[in-house]
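Student: here is a sequence together with a model predicted from it:
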Amino acid sequence: MDRAALLRAKCDNQRMSKHGRILVAMSGGVDSSVTALMLHEEGYEVIGVTMKTWDYADASGGKRITGCCDLDSINDARTMAVTRGFHHMIIDIREEFGDAIIGNFTSEYMAGRTPNPCVLCNTFIKWEALLKRADMMDCALIATGHYAQVRQLENEGRWVVSRGLDPGKDQSYVLWGLEQKNLARTRFPIGQFHKSAIRQMAVDSGFPELASKSESYEICFIPDNDYRGFLKRKEPEATAKLAHGKLVSVGGDELGEHDGYPFFTIGQRKGLGIATGEPLYVTDIRPDTNTVVLGRKDDLQKTSMWVRRPNFQLIHALEGELEAVTKIRYKDKGTPSTLSMDGERVKVEFHAPVAGIAPGQSAVFYAGNDVIGGGFIDRERT
């Protein structure tokens, strides 16, 4: 009998909970820990799960590792579960994570795009891994510590992600890719609270160390936040061949050389390797010629873009034109826009110019607080 079967059998021998069994993703941080505490206190039979996603010893090239997914955090999650008397297990998804997330991360940069691994991880790895284990453990629902809300539309029965109550912590942007079958089984208990309230809950529950625990904003497999070093370690031959590429102006004048286009992103101003009399920004990346184009801030302004691989939540499909507020990055406030289908892509026409549109990043469409849908920003047609 495998470990999951043993744990399921152990749970079945215990008294049935008030609300049934729920699988909770626990990273060891305050948000996911309080999520588990809240559901436990509400009467759910909580089974905590911590996912091992990558090889910690190799992740940062020998530098000290910190963050939400390190070994200390895994131990913190287990300690929390044991202290409160609910079950906890660690699942190893390094193979799936490496192929889908790290592989995509490197290939997107090598293609001249700027990836968002957190979106891919949520959509294609974490939710699938959680639901697979939930089925094994006879859990009808899963829960995570995201600052977002999920609700079912009264008339159509569709499930939709909505913004979290705390505008400074809202994570609805990274959840646009969740499909209906997954949303129907998902709960976000802390989405109705501000971060300060969640920290206070940790204190009140007897875990003050969680309330004071620092947050990590880095990509989990690049805890030192040096993605250029990561690319050089993962693709040493390919990145070495890209040295001495050209930096050119919007008008085509040669301005200097660079060490490789994968080390740049649209809108970048610092680290360009040249000195000019005025601020310049990366306005375009051309992988076919290993060229990085620099221009003034005004050259970053765009009034339209295309979005590939769309997923819709609030609506079944996009028909005709639809007004929405579109975010092009996580911290973007959003810009009013008109959406329409252009073949298999969404065409977004902004009502005001938008700066720094980066292919590979996510575009997320909102109607009020609800996520209409989203997709990956594509290159302009030539």
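Tutor: Good, I have the coordinates.
Student: and the most centrally placed residue in the chain, which helix or strand is it part of?
Tutor: In the chain, the residue lying closest to the centroid (C-alpha atoms, centre = their mean) is residue 118, at 2.4 Å. Assigned by DSSP states H and E, residue 118 belongs to helix 117-120.
Student: tell me what that helix is packed against?
Tutor: Counting contacts by 3 or more C-beta pairs under 8 Å, 6 or more residues apart in numbering; DSSP states H and E, helix 117-120 packs against helix 103-110. (Glycine included, C-beta is placed from N, CA and C.)
Student: assess the claim that the residue nearest to the centre of the chain and residue 219 are in contact.
Tutor: Yes - between residue 118 and residue 219 a contact is recorded at 7.4 Å, counting by C-beta atoms under 8 Å.
Student: please parse the chain into its domains.
Tutor: Annotated domains of the chain cover 3-145+188-211, 242-295, 300-378 [automatic domain parsing].
Student: now do the longest one: distance to the chain's middle.
Tutor: Relative to its parent chain, domain 3-145+188-211 has a centroid offset of 14 Å by C-alpha atoms, centre = their mean, to the nearest Å.
Student: coming back round to it: average pLDDT across the helix holding residue 118?
Tutor: Mean pLDDT, computed over helix 117-120, is 88.
Student: report the contact partners of the residue lying closest to residue 46 once chain neighbours are set aside.
Tutor: Excluding the flanking residues, the one nearest residue 46 by C-beta to C-beta, 6 or more residues apart in numbering is residue 86, at 4.2 Å. Residue 86 makes contact with 36, 40, 45-48, according to C-beta atoms under 8 Å, 6 or more residues apart in numbering.
Student: next SSE after the lowest-mean-pLDDT helix or strand in the chain?
Tutor: The helix or strand of the chain with the lowest confidence, counting by mean pLDDT, DSSP states H and E, is helix 3-12 at a mean of 48. Later in the chain than helix 3-12, the nearest helix or strand by DSSP H and E is strand 21-25.
Student: what lies in contact with that following strand?
Tutor: So strand 21-25 is contacted by 11, 32, 35-36, 39, 44-51, 126, 130, 133-134, 137-145, 187 (C-beta under 8 Å, 6+ apart).
Student: could you flag which of those residues are buried?
Tutor: 11, 32, 35-36, 39, 44-51, 126, 130, 133-134, 137, 139, 141-145, 187 (16 or more other C-beta atoms under 10 Å).
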